[in-house]
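Student: how would this look folded up:
(2 chains, ligands or ions: 3)
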Amino acid sequence: MRNFYEEVQEIKARYPDWRSATLPALRLAQEKHGFLSPNALRECAEALGTTPAFCESVASFYDMFHLRPVGRHLVEVCTNVSCALNGAQQVLEGFERELGVRAGETTEDGEVTLRTIECLGGCGWATIVAIDERYRTHVKPDDVSAIVEELRGGG
Amino acid sequence: MAAEARQIVMAGADERDLTKLAEYEAIGGYQALQKARGMTPAAIIDELNASELRGRGGAFFPTGRKWSFVPKPDQNPNPHYLVVNADESEPGSFKDNEIMARVPHRFIEGCLITAYAVDSKNVFVYIRGEYTGPYEVLVGALEELHGRADLRGEVTIVLHRGAGAYICGEETALLESLEGERGQPRTKPPFPAIAGLYASPTVVNNVETMATVPPIITMGGAEYAKLGVPDSRGTRLVSLSGHIVNGGNYEVENGISMRDLIYGLGGGIPEGRRLKCVIPGGSSTAILRYDEIDVGYDFNSLLRLDTAMGSAGVIVLDERCCMVQLGIRVNEFYEHESCGKCTPCREGTRWMSQILRRLEAGDADQHELDLLLDVCDRINGKCLCPLGETAAIAVASYVAKFREEFQAHIDEDGCPFGDSSPLHGVLAPVAQHTHHPTATVPA
Ligand SMILES: Cc1cc2nc3c(=O)[nH]c(=O)nc-3n(C[C@H](O)[C@H](O)[C@H](O)COP(=O)(O)O)c2cc1C
Ligand code: SF4
Ligand code: FES
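Tutor: Numbering: from 1, shown residues only, chains lettered A, B, ... in the order given. Ligands and ions are numbered 1, 2, ... in the order given. Now for the predicted structure:
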């Protein structure tokens, strides 16, 4: 298996300037470490040839980068207008009940993080819920327990 | 114009699986590219000018003209870049999602024609980070193209994934982000065509714009310009959402009646409810009241009503919706997505949220309604990019068109709708108790 450093070098080669590899490298580091821990940022900086501070300053701008630990699974409920008009808040509350956490929190066992998210670009198929970055469409409050069961059971 | 679909960009996708190269070639795919390569770049730009195509990303700039701004090699020796804006994040818009997922090859063909027309060997597609599905379709399509040097030519296409920031849809913020920085807009000029990616001449175009290029080359610009209405030629993918029976994307000729769009193609409002208002072009646009929808869905017609097609995201709201709640939810989005560079946008959107929340809770005094409009006024025209002012324009339009409802929140010391409005108590990311989800580090 290629190591992280080598993979980042390959990504850098796709661009006229190494800096363009910053976002892809951060994504890769996050996939490897689960979140962008100080270690992950250091590793990223070394591979890119920059400082951890630069990596952190970039990462902190973007919603998909986690500078704190998150659960093994990520449940993101879109609560922007079109989804809200179609019951997104009730879906969110369903997840809060089933998981026993509030939006923005992680279950005690570190398995699932729940959060709200802005428009995911699927408004006509509301409510959109992203489970580990894959969209579920037309999610209704009644669907929530099955989704949670799937996350809990299916590893 | 009657409500009917007219497929140009999505042509063939209902009958065949156009994510497959062979299927796309079976319906004449990549022949526009061959045709284009037999033309001079200047002739292609002429064809685009004749088509009167305007950018589908929201700013409506004539595409042929944009390409013609790219300097000649003797004026600027730097390489040229084509950057495709696939960051689609405008609330209410989901057309680029479907274009990439269902007609990836038409989109790629458009990129290759454009690259040829603007003399670029490098195409970067900046796709929003959350679009895993469309991203994988594009990866598959590019893999199929890998073995086809006859189609690819010397052009490389790099898919670059964003990481969750609406502002990166703004073209200069997108370029910053593509250069590995925080996605904060640059001052213009210089415009990207002169100094864009790595300070080199760069054309930035939307996904739908790209996917419209092959059919224009195939049918000819003049033929394309017969579709639609003056200043809004051709077709447009309209995203319908909200309180609508048949939510989804509909490709229609520009100029179709808004009423037909909603009640014809969209099937009207669920459960026979009455219309309250429509957001016509994504949440950044001013609303239309229920009695303003007998209007053509095109640039000029909407401009006459002080609003815009934007990214063609039509959000329908029924009679139960509270306009103050709508203001809160829409504004919170912009508050969350403000890049923070300009004080009026960063602080103004927070002020707006606070006043709107006080109104909703019944805590606002009479003068705060005017204060709200005053804050909008102080954002308008005082920001580096349009993000801040779109929030102000949108919210100010809710007040202008439903002032009595805002007044009622003051007179009745609270919301007349309460939880009977579907927008009641919706938790927005900006109001989530921590911005970064936290957990204890597993041992
Ligand atoms: C806040 C903001 C967000 C934008 N988001 C997008 C977007 O998601 N997709 C897009 O194509 N254009 C977006 N635009 C417009 C782009 O800046 C740019 O005009 C467009 O990509 C040019 O392509 P076109 O001429 O083909 O439309 C946005 C503009 C602003 C101000
Ligand atoms: S208007 Fe807002 S988003 Fe745009 S540059 Fe200024 S602070 Fe950033
Ligand atoms: S509002 Fe939820 S996907 Fe757009």
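
Student: Please parse the chain into its domains.
Tutor: No chain specified, so I'll use chain A. Here the domain parsing of chain A from automatic domain parsing is A:4-61, A:73-151.

Student: that's the wrong chain, I meant chain B
Tutor: Taken from automatic domain parsing, chain B resolves into B:21-224, B:231-317, B:323-420.

Student: Can you get me the start-to-end distance on the second one?
Tutor: Between the opening and closing residues of domain B:231-317 lies a distance of 28 Å (CA to CA, to the nearest Å).

Student: near chain A at all, it?
Tutor: Yes: Domain B:231-317 reaches chain A (CB under 8 Å from any CB of the partner chain) through B:239-244, B:247-249, B:279, B:283, B:313, B:315, B:317. No exception for glycine: its C-beta is placed from N, CA and C like everyone else's.

Student: all strands of chain B, in order?
Tutor: B:80-86, B:120-127, B:156-161, B:202-206, B:228-229, B:232-233, B:235-242, B:248-253, B:275-279, B:288-289, B:313-318 (DSSP state E).

Student: Which of these sits closest to B:Lys401?
Tutor: When the strands of chain B are compared by CB to CB, strand B:288-289 sits nearest B:Lys401, at 5.1 Å.

Student: Just list what the closest one packs against, helices and strands only.
Tutor: strand B:275-279 (3 or more CB pairs under 8 Å, 6 or more residues apart in numbering or on different chains; DSSP states H and E).

Student: tell me the mean pLDDT for the strand it packs on?
Tutor: Averaging pLDDT along strand B:275-279 gives 98.

Student: how far off strand B:235-242 does it point, in degrees?
Tutor: 130 degrees (axes from the mean of the first three to the mean of the last three CA atoms, to 10 degrees).

Student: contacting residues around strand B:275-279?
Tutor: Applying CB atoms under 8 Å, 6 or more residues apart in numbering or on different chains, the external contacts of strand B:275-279 come out as A:81, B:92, B:242, B:258, B:262, B:269, B:285, B:287-290, B:293, B:313-321, B:323, B:394, B:401-402.

Student: Now a ChimeraX select for only the buried ones of the residues you listed.
Tutor: One line in ChimeraX is enough to select the buried members of the contacts of strand B:275-279, burial here meaning 16 or more other CB atoms under 10 Å in any protein chain shown:
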select /A:81 /B:92,242,258,262,269,285,287,288,293,313,314,315,316,317,318,320,321,323,394,401,402
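
Student: which residue ranges form the strands in chain A?
Tutor: Secondary structure of chain A (DSSP E): strands at A:73-78, A:112-117, A:129-131, A:134-136.

Student: and the third one, is it in reach of ligand 3?
Tutor: No: for a cut-off given as CB under 6 Å from any ligand atom, strand A:129-131 has no contacts with ligand 3; the smallest distance is 9.4 Å.

Student: Please name the residues that touch residue 138.
Tutor: No chain in the question, so chain A it is. A:His138 neighbours (CB under 8 Å, 6+ apart): A:125-127.

Student: To clarify, I was referring to chain B.
Tutor: Per CB under 8 Å, 6+ apart, neighbours of B:Leu138: B:100, B:104, B:107-108, B:125, B:127, B:159.

Student: ok, and the closest non-adjacent residue to it?
Tutor: Once flanking residues are discounted, B:Leu138 sits nearest to B:Pro104: 5.4 Å by CB to CB, 6 or more residues apart in numbering or on different chains.

Student: nearest spatial neighbour of the residue of chain A found nearest ligand 2, skipping sequence neighbours?
Tutor: Relative to ligand 2, the nearest point of chain A is A:Phe61 (11.2 Å; CB to the nearest ligand atom). With sequence-adjacent residues excluded and distances taken as CB to CB, 6+ apart, A:Phe61 is closest to B:Arg182, at 4.0 Å.

Student: same deal with A:Ser145?
Tutor: The shortest distance from A:Ser145 to any non-neighbouring residue, by CB to CB, 6+ apart, is to A:Glu98 (5.6 Å).

Student: swap in B:Tyr131?
Tutor: Distances taken as CB to CB, 6+ apart put B:Asn97 closest to B:Tyr131, at 6.3 Å, once the chain neighbours are dropped.

Student: ok so, going back, nearest to B:Asp377 among the contacts of B:Leu138?
Tutor: B:Ile127 (36.4 Å).

Student: just to revisit the earlier point, if you rank the residues of domain B:231-317 next to chain A by neighbours, which is first?
Tutor: Using other CB atoms under 10 Å in any protein chain shown as the neighbour test, the residues of domain B:231-317 next to chain A are led by B:Gly313, with 33 neighbours.
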